[in-house]
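S.K.: Output the structure for:
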Amino acid sequence: MAKRIISKFDIERLKSEGHGSLRLEPGDTLTPLARDTALELGIKIEDSRPAAGPAPQAPAAGVDADKLEAIVHTVLERLGSAQPQACAPCATPKVYGTSPNKIKHVKMPLDRDMPPTELHDAQGVLRNPPEIGFRLLDVVTMDDSASIAGGFMSFHPGAGIKWTLNYDEIEYVVEGLVEISYDDGKKITATTGDTIFIPKGTSLHWNTPTWVKIFYATFPSNWADQV
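M.R.: Sure, this is the predicted structure:
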């Protein structure tokens, strides 16, 4: 007779077919979960297999069986109640804020809703001439416990902006057109719907012949401290 491994699914099938018992033949194996399922569903187990081997021996001399059982019980209880711990590398650094796990929803701002902003480099030099009407609105910052920052900026034609990024930045052109010159003569022209990645250490010049609104994301979130 072929050996059978009887699982909980076999027990559930027997129940659905209207059977009230299961006969185990020599060679059959009933999984522990199947035995529990049979007990729950009222399926009687008729075991015709040979009797099991000799009972487990008592603990060796000098071992307190009651104490050993208590230790095992305590360990199992602790394992059952243990909560998973966050791994250190996955934790958000404290520099990024103190209110983690909060979703933030920001509506698309109009140009006039974004405050006029002056960009000064590390030497204090103003990098955005007043005539271009540069505006900047941070919408995700360190205060959101974010490792990245994000927001919107817009500006009009003029001398443009010269800047060196000491952080990584991704830009998405929401409206308009932007020209980015870098590496002594190379230029990117991006229009509505285009995305640009600017790696840390890049020196560039932003300009627009019309007007542009950009959504940007930077890493790390304290990008303003990296200038």
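
S.K.: okay, CA-based contacts and neighbour counts for the rest of this
M.R.: OK.

S.K.: What is the neighbour count of Asn207?
M.R.: If you count neighbours by other C-alpha atoms under 10 Å, Asn207 ends up with 23.

S.K.: Spell out, range by range, the helices that occur in the protein.
M.R.: With DSSP state H, the ranges of helices along the chain come out as 8-16, 32-41, 65-81.

S.K.: Mean pLDDT lowest where, among those?
M.R.: Set side by side, these differ in mean pLDDT, and helix 65-81 is lowest with a mean of 64.

S.K.: hey, which strand is longest across this structure?
M.R.: As far as residue count goes, and with DSSP state E defining each element, the longest strand of the chain is strand 168-182.

S.K.: so for that strand, what's the average pLDDT?
M.R.: The predicted model assigns strand 168-182 a mean pLDDT of 95.

S.K.: Using PDB, list the CA coordinates for it.
M.R.: C-alpha atoms of strand 168-182 as PDB (Å, rounded to 0.1, in the frame of the first residue of the first chain):
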ATOM      1  CA  ASP A 168      21.500  65.100  -5.400                       C
ATOM      2  CA  GLU A 169      18.500  66.600  -7.100                       C
ATOM      3  CA  ILE A 170      15.700  65.400  -9.400                       C
ATOM      4  CA  GLU A 171      13.700  68.000 -11.300                       C
ATOM      5  CA  TYR A 172      10.400  67.600 -13.100                       C
ATOM      6  CA  VAL A 173       9.200  70.400 -15.300                       C
ATOM      7  CA  VAL A 174       5.600  71.200 -14.400                       C
ATOM      8  CA  GLU A 175       5.200  74.000 -16.900                       C
ATOM      9  CA  GLY A 176       7.300  76.000 -19.300                       C
ATOM     10  CA  LEU A 177      10.900  75.400 -20.500                       C
ATOM     11  CA  VAL A 178      14.300  75.400 -18.800                       C
ATOM     12  CA  GLU A 179      17.800  75.400 -20.200                       C
ATOM     13  CA  ILE A 180      20.500  74.000 -18.000                       C
ATOM     14  CA  SER A 181      24.100  74.600 -19.000                       C
ATOM     15  CA  TYR A 182      27.000  72.600 -17.400                       C
END
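
S.K.: That'll do, ta.
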